[in-house]
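Student: Just a sequence and a predicted model for now, questions to come.
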Amino acid sequence: MLEHLPPEVTVFEVGPRDGLQNEANFVVTSGKVRLIEVLAEAGLTKIEITSFVSPKWIPQLADGLQVATTVKLPPQVTTSALVPNLKGYELARKAGLRAIALFMSATETHSKKNINKTITQAMVTLKEVAQLARQDGVKVRGYLSVVFGCPYEGQVNADHVAKIVSSLLEIGIDELSLGDTIGAATPLNVIKLVKLLSTTLALNKMALHFHDTRGTALANVLAGLDAGVTTFDASVGGMGGCPYAPGAAGNLATEDLVYLLESLGIKTGVDLDKLVTCGQIAQEILGKQLPGKYLQAALAQRSGPTAKPRRETNV
Ligand code: HMG
Ligand code: MG
């Protein structure tokens, strides 16, 4: 293991979307915009900034259009948004986005719960949207959720996942992110699935999207790296989760991912210290402590050693 590490890795930031979609409280537009802008300042160049889904389903991101049209970012940053259908695509186009993310599930039950469509119906919609996006020169990322386990159906057959991946490739996506929506994956599952899928999906088109529900996300990153994957999704501070996947905890924290990668000599282009400031801002915006481990360690260090009360003695 760890014999084939890449020199650099793309860190794909999903916090403003996957993170905020699962927050109980609505974060005001200016807070979202500020968070996205500081993430870009920290060196992240791929940021999923919002969703154009039904506000009835995800009210937390109902201001997607305002966010996308207000945020000011340097030209090297590619912003994208999650899009479920043609209506969402029209909004992404209105926002001037040059990249979108389509999503579907590997199981029928999660698909119905998440987008109210069967897998076959979802594929038809994704095909329509991908076709339009291609005509417009808009990049298309795909997400396939629950590939390592489903909250409703349990284990997911890898050959079944491979079939859906082949269909997604046929509709013309530029990159596919494999979603461990409920954080069920372990390193061995990751290696096996990446190997199986790499016969149809080129490794440079594959991304891994881990949630840290069971504490295996970083170990899974190591396994993914060893298997040749060079794009990993993460969320600042470890915010996140799918509201339609009960028990899904936050995403792998971006600070934890960057810390691990840099320690292995892998370049990310991200400034870890600035990223910690992003995590701090995310905590302020949300008014709560986030689960990211590196974030908490760094913030504790920033606030300095806790002064122990000095005991006065006569000796
Ligand atoms: P539906 O209720 O079956 O569809 O929802 P509908 O067509 O009947 O629409 C319902 C209402 O929503 C209508 O409004 C539509 O106009 C409106 P009404 O007439 O009632 O006033 N609507 C929209 N509004 C804005 N933007 C749109 C849009 N579409 C319809 N794009 C639908 C079907 C797909 C819309 C709904 O189920 C939905 O929005 N689902 C999204 C759920 C979601 O965002 N889940 C979380 C993201 S997935 C995830 O987190 C996993 C991931 O991170 C990877 C991983 O971890 O595995 C990506
Ligand atoms: Mg997710």
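Tutor: Perfect, I can see it now. Ligands and ions are numbered 1, 2, ... in the order given.

Student: Write out the residues of the protein neighbouring ligand 1.
Tutor: Applying C-beta under 6 Å from any ligand atom, we find that the chain lies next to ligand 1 at 18, 21, 51-58, 82, 84-85, 87-88, 91, 103, 114-116, 143, 145, 179, 181, 209, 242, 244. All C-beta spots, glycine's among them, are computed from the backbone N, C-alpha and C.

Student: same thing but 5 Å
Tutor: Proximity of the chain to ligand 1 (C-beta under 5 Å from any ligand atom) is limited to residues 18, 53-54, 57-58, 84, 87-88, 103, 115-116, 143, 145, 179, 181, 242.

Student: For ligand 1, state which of those residues is nearest.
Tutor: Gly179 (2.2 Å; C-beta to the nearest ligand atom).

Student: Cys278 versus the closest one, what's the distance?
Tutor: 23 Å (C-beta to C-beta, to the nearest Å).

Student: So Lys32 sits against Ala62, correct?
Tutor: No. When contacts are counted by C-beta atoms under 8 Å, Lys32 is not listed as touching Ala62 (11.2 Å).

Student: which one of these two has more residues nearby?
Tutor: Comparing Lys32 with Ala62 by other C-beta atoms under 10 Å, the one with more neighbours is Lys32, at 26 against 17.

Student: That one should be in a strand, yeah?
Tutor: No. Counting by DSSP: H, G, I helix; E, B strand; the rest coil, Lys32 is not found in a strand; it is helix.

Student: Okay, now the unreliable bits of the chain?
Tutor: 1, 306-315 (pLDDT under 70).

Student: hey, where'd the strands end up in it?
Tutor: Along the chain, the segments classed as strands by DSSP state E run 10-13, 46-51, 78-83, 99-105, 139-145, 175-180, 206-210, 231-234.

Student: what does the first one contact?
Tutor: This means strand 10-13. Under the criterion C-beta atoms under 8 Å, 6 or more residues apart in numbering, residues 39, 44-48, 177, 207, 230-236, 254, 257-258, 261, 268-270 lie in contact with strand 10-13.

Student: What segments of the stretch 51-200 of the chain are helices?
Tutor: Ranges of helices in the stretch 51-200 of the chain, per DSSP state H, counting those that start in this stretch, are 64-70, 86-94, 108-115, 119-136, 158-170, 187-197.

Student: dump the residue contacts of Tyr89.
Tutor: Tyr89 touches Phe52, Val83, Ile100, Val129, Leu132, Ala133, counting by C-beta under 8 Å, 6+ apart.

Student: Please apply the same query to Val161.
Tutor: Ala106, Leu144, Val147, Leu193, Leu197.

Student: Is the fourth one in contact with Ala184, as I believe?
Tutor: No. If you go by C-beta under 8 Å, Leu193 and Ala184 don't touch, sitting 11.9 Å apart.

Student: Count the residues that sit near the closest residue in space to Lys274 that isn't next to it in sequence.
Tutor: Nearest non-adjacent residue to Lys274, counting by C-beta to C-beta, 6 or more residues apart in numbering: Ala42, 3.8 Å away. By other C-beta under 10 Å, 23 other residues sit near Ala42.

Student: cool, Ile191 as well?
Tutor: Per other C-beta under 10 Å, the neighbour tally for Ile191 reads 16.

Student: and what of the one 4 residues further on?
Tutor: For Lys195, the count of nearby residues is 12 (other C-beta under 10 Å).

Student: That one is in contact with Val229, isn't it?
Tutor: No. If you go by C-beta under 8 Å, Lys195 and Val229 don't touch, sitting 10.9 Å apart.

Student: re earlier: wait, which of the helices of the stretch 51-200 of the chain is closest to Ala223?
Tutor: Of all the helices of the stretch 51-200 of the chain, helix 187-197 sits nearest to Ala223, with 3.6 Å by C-beta to C-beta.

Student: how close does the closest residue to Phe210 other than its chain neighbours get to ligand 1?
Tutor: Leaving aside its sequence neighbours, Phe210 sits nearest to Ala217 (C-beta to C-beta, 6+ apart; 4.0 Å). Distance from Ala217 to ligand 1, counting by C-beta to the nearest ligand atom, to the nearest Å: 12 Å.

Student: Start the count at 18 instead of 1 going forward.
Tutor: All set: I'll call the first residue 18, so the last point we hit is now Ala234.

Student: separation between Val178 and ligand 1?
Tutor: Distance from Val178 to ligand 1, by C-beta to the nearest ligand atom: 12 Å.

Student: cool, Ala59 as well?
Tutor: Here the criterion is C-beta to the nearest ligand atom. By it, Ala59 lies 21 Å from ligand 1.

Student: I'd guessed that residue sits against Gln297; true?
Tutor: No. Counting by C-beta under 8 Å, Ala59 does not reach Gln297; the two are 11.5 Å apart.
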